[in-house]
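Engineer: Here you go, sequence then predicted model.
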Amino acid sequence: MESGRGAPKDNELAAMFERLYGRLQARAGSLLAGERRGHTLEPSALLHEVYVRLEGSTGLHWRSPTHFEALTARVMRQVLVDHAKSAARQKRGGGATRVTLAETLVAGDAGLEIELLALHEALERLAAKDSRAADVLELRLFSSMTVREVATALELSYDEAKNDWLYARAWIARELRR
């Protein structure tokens, strides 16, 4: 991911993070809204971990704010998956992490909560089958991006992004019902 002139300095990362903080905070809050009370990961802690991981990355580049938001959505997903795996190990599967997705997978499922590790595993299976569709789905579910913003972030046409979104949404909904 490129910022336009080589690897971004720490202050560029901080400036971009600050610029998008409201959107990122809203997304983190939305993802964690379905968590049980006393859950150890709060939206601000999730964003802090995302920032730390980005700061520690080598060769971090982005082209635009939309592209940066796509990058943070991927890191946010990985933080949530790592946290869920850790919680599952500690509780031997008794406290599966659930997330409320930005977009519904099935019409009429507003606010649908999905078990995060099941979603992660299904996304991995989709990526093996169709990586571009998996990228589109990941950004729609783990960010507040519109289809048009996803198309921009992934350098796709709007029609390509929309078709991938419709296909991936139907595919993953079927997988999660199994």
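Structural biologist: Thanks, I have the structure now. Numbers count the residues shown, from 1 in each chain.

Engineer: Which residues are in contact with the residue nearest in space to the middle of the chain?
Structural biologist: The centroid of the chain falls nearest to F142 when counting by C-alpha atoms, centre = their mean (2.9 Å). Residues counted as contacts of F142 (C-beta atoms under 8 Å, 6 or more residues apart in numbering) are 27, 31, 73-74, 76-77, 102. All C-beta atoms are positioned from the backbone trio N, CA, C, and that covers glycine.

Engineer: any idea how far it is from N11?
Structural biologist: Distance of F142 to N11, computed by C-beta to C-beta, to the nearest Å: 26 Å.

Engineer: try D130
Structural biologist: As judged by C-beta to C-beta, D130 and N11 stand 38 Å apart.

Engineer: ok, now which ones touch E149?
Structural biologist: So E149 contacts 66, 69, 139 (C-beta under 8 Å, 6+ apart).

Engineer: top of those by neighbour count?
Structural biologist: Highest neighbour count within these, by other C-beta atoms under 10 Å: L139, with 29 neighbours.

Engineer: which one of D130 and N11 has more residues nearby?
Structural biologist: Just comparing D130 and N11: by other C-beta under 10 Å the higher neighbour count belongs to D130, 15 against 8.

Engineer: what packs against the lengthiest helix in the chain?
Structural biologist: With secondary structure taken from DSSP state H, the chain has its longest helix at helix 65-91. Judged by 3 or more C-beta pairs under 8 Å, 6 or more residues apart in numbering; DSSP states H and E, the packing partners of helix 65-91 are helix 10-32, helix 43-55, helix 116-129, helix 131-142, helix 147-154.
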